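Engineer: What follows is a predicted protein model with its sequence.
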Amino acid sequence: MTSSTSFTILGLTPSASPSDVKLAWRKLSTLYHPDKPGGDPVKFDSVQKAYELAMNHAKVCKVCKGTRTVKFTQGFYSINRRCTSCK
């Protein structure tokens, strides 16, 4: 499953915010929960996996843009360091 298909499963566009992803996940997970009448465990698992991928895509660091390294330049020297903003 790719991140674009995960957004499709959740009924969102790839530019959706993390709060939109969470809202769509809650709606679909309550609909397909296996303990509910008419719940579907297969669809519930696909919604869970789609949520994980979509949240990882939506939470990309703004400083390093997902590369996890930042280039520091001082004079003639440049050093690649680990991004301290990533969590």
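Structural biologist: Sure thing, it's come through. Note that the structure is a prediction, hence the values are computed from the model and not measured.

Engineer: need the longest helix for this protein.
Structural biologist: helix 41-58 (DSSP state H).

Engineer: Can you name the element that comes right after that one?
Structural biologist: Per DSSP states H and E, the first helix or strand lying C-terminal to helix 41-58 is strand 69-74.

Engineer: mind listing what the following helix or strand past that next one pairs with, with the direction of each?
Structural biologist: Downstream of strand 69-74, the next assigned helix or strand under DSSP H and E is strand 77-82. Applying DSSP bridges, strand 77-82 is found paired with strand 69-74 (antiparallel).

Engineer: related to what we said a few turns ago, show me what the longest helix of the chain is packed against.
Structural biologist: helix 3-10, helix 18-32 (3 or more Cβ pairs under 8 Å, 6 or more residues apart in numbering; DSSP states H and E). From N, CA and C alone the C-beta is placed, and that goes for glycine too.

Engineer: So which of the ones you listed is the most surrounded?
Structural biologist: helix 3-10 (a mean of 18; mean count of other Cβ atoms under 10 Å).

Engineer: Next, the angle from it to helix 41-58.
Structural biologist: Helix 3-10 and helix 41-58 are oriented at 130 degrees to each other (axes from the mean of the first three to the mean of the last three Cα atoms, to 10 degrees).

Engineer: I'd like to know which elements helix 3-10 is packed against.
Structural biologist: Using 3+ Cβ pairs under 8 Å, 6+ apart, helix 3-10 sits against helix 18-32, helix 41-58.

Engineer: Low-confidence ranges, this structure, go.
Structural biologist: For the chain, residues meeting the criterion pLDDT under 70 lie at 3, 58-68, 85-87.

Engineer: Not counting sequence-adjacent ones, nearest residue to the most centrally placed residue in it?
Structural biologist: Centroid-nearest residue in the chain: residue 55, 2.0 Å away (criterion: Cα atoms, centre = their mean). Closest residue to residue 55 apart from its sequence neighbours, by Cβ to Cβ, 6 or more residues apart in numbering: residue 21 at 5.8 Å.

Engineer: now do residue 80
Structural biologist: Closest to residue 80 by Cβ to Cβ, 6+ apart is residue 69, at 4.8 Å.

Engineer: give the contact list for that neighbour.
Structural biologist: Residues near residue 69 by Cβ atoms under 8 Å, 6 or more residues apart in numbering: 80-83.
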